[in-house]
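>>> sequence first, predicted coordinates after that:
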Amino acid sequence: MKAAVLRKAGEPLTIEEVEIEGPKTGEVRVKMVASGICHSDYSMVHGIVPCPLPAILGHEGAGIVEEVGPGVEGLEVGDHVIAVLTPSCGECGMCGEGKPFLCRDMGKTMNEFTQLDGTVRTRIGGEDIYRMCAVGSFAEYAVIPQGAAIPIPKKYDLAKVCLIGCGVTTGVGAALNTAQVKPGSSVAIIGCGGVGLSILQGARIAGATTIIAIDPQQEKRDLATSLGATHTIDPSDVNPVREVRSTTKGGVHYAFEALGLRETMEQAYGMVRPSGLAVVVGVAKFGEEISLKAGTFLAEKKITGSAYGSAVPKRDVPRFLDLYDRGELKLDDMITKEIELAAINDAFAEMGRGEGARSVIRYA
Ligand SMILES: [Zn+2]
Ligand SMILES: [Zn+2]
């Protein structure tokens, strides 16, 4: 099969012929139909977030089950699936608490890029090729743990709903699950890429009445407005913290950071009103630290992380599809363009320039 392989951080991906094994116990082999390109892929391409190499990146995939390994339940050949980022082992302490978004096995898939048994299913002439989140959707096929393959009805265009694999679940989930945004509240979102726009839609769906979208790109601010932002701010033009605080007379109830940068994390905290909540959704550079004024805790200001939108995929994937059916969650509008796998490096170059919300690879 063809796959885009990252051999060295900072260098372009190379399209290579990769051998793929069949699924082992508890795994399925999926023919990828589509994959979104997410900012976390970009961070790994550029070594901002380190990863095992060589690797097939891509973690926002959707496809069709082609082969089912031993012991797999609830999945059949021909099922359409969205690949999610937690294998939901069902046995660890966090899964036991109903928090599969913090499943112990995510350490394996997210840090080591292997299957749950610590081995890989893809090789080039005997050399192991690791796969991001055990998905590695920048390839024509993937073997993934059964818990990470969520079956969905066949009526959907997989090149649209693949966004649920990462950006939508991370963003909508951050608003609905992590922050539990309340009706009538005010929300600020820093960064209007795929995740930021998903946070924005989650806030709108939750009934927030003031939604401030912050992004230096006019194109993304316009898209944010069309998706429900009531105000937009160009942070290259004004101080976004001061602007949010004056627009909302003292700060927002919820501020979301979707870029993974120290400066914007501190800004998000600075934007919330007393008793408000700042939610860090973006993935920071390895070893990054932020600083906050300790005196502000007297105002009961809160800051939290959000892991994969605090999502329980078996509950949330059908819920997001239902919102999509009802026209409340607009996925089609978030997709800037569809590309072929061979154009992947161009898509990363555009992402580096801050252009477009989401490019999606559609496999032939
Ligand atoms: Zn992602
Ligand atoms: Zn678990």
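Yep, it's here. Numbering: from 1, shown residues only. Ligands and ions are numbered 1, 2, ... in the order given.
>>> for the chain, which residues are neighbours of ligand 1?
Near ligand 1, the residues belonging to the chain are 38, 40, 166 when assessed by Cβ under 5 Å from the ion. Quick note: C-beta positions are derived from backbone N, CA and C, even for glycine.
>>> quick check: the first one vs residue 218, distance?
Going back to what we said before, that points to residue 38. Residue 38 sits at a distance of 22 Å from residue 218 (criterion: Cβ to Cβ, to the nearest Å).
>>> of these two, who's got more company?
Ranked by neighbour count (other Cβ atoms under 10 Å), residue 38 and residue 218 place residue 38 first, with 26 against 10.
>>> can you list the buried residues in stretch 263-270?
Neighbour-count burial for stretch 263-270, with 16 or more other Cβ atoms under 10 Å as criterion, is recorded at 264-270.
>>> pLDDT and secondary structure added to those, as a markdown table?
Listed next are these as a markdown table, based on pLDDT from 0 to 100; DSSP: H, G, I helix; E, B strand; the rest coil:
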| residue | pLDDT | secondary structure |
| --- | --- | --- |
| 264 | 98 | helix |
| 265 | 98 | helix |
| 266 | 98 | helix |
| 267 | 98 | helix |
| 268 | 98 | helix |
| 269 | 98 | helix |
| 270 | 98 | helix |
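>>> can those go into CSV with extra columns for distance to residue 238?
As requested, those are exported to CSV (distance: Cβ to Cβ, whole Å):
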residue, distance to residue 238
264, 15
265, 19
266, 17
267, 12
268, 16
269, 18
270, 14
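>>> re the thing from before, of the residues of the chain next to ligand 1, closest to ligand 2?
residue 166 (18.7 Å; Cβ to the ion).
>>> any part of the lowest-mean-pLDDT helix or strand in the chain near ligand 2?
Least confident helix or strand, the chain: helix 106-107 with a mean of 88, by mean pLDDT, DSSP states H and E. No: interface with ligand 2: helix 106-107 contributes nothing (Cβ under 5 Å from the ion), its closest point being 7.8 Å away.
>>> packing partners of that helix?
The helices and strands touching helix 106-107, judged by 3 or more Cβ pairs under 8 Å, 6 or more residues apart in numbering; DSSP states H and E, number zero.
>>> and the contacts of it?
85-87 (Cβ atoms under 8 Å, 6 or more residues apart in numbering).
>>> need the contact list for the residue in the stretch 251-364 of the chain positioned nearest to ligand 1.
The stretch 251-364 of the chain approaches ligand 1 most closely through residue 283 (8.4 Å), counting by Cβ to the ion. Residues near residue 283 by Cβ under 8 Å, 6+ apart: 39-40, 43, 49, 260.
>>> do the same with residue 169
Contacts for residue 169 (Cβ under 8 Å, 6+ apart) come out as 84-85, 308-309, 311, 313, 316-317, 320.
>>> swap in residue 229?
Counting by Cβ under 8 Å, 6+ apart, residue 229 makes contact with 189, 200, 211-213, 221.
>>> ok, residue 304 next?
Residues in contact with residue 304, defined by Cβ under 8 Å, 6+ apart, are 178, 277-280.
>>> go again with 6 Å.
With contact set as Cβ atoms under 6 Å, 6 or more residues apart in numbering, residue 304 has these partners: residue 279.
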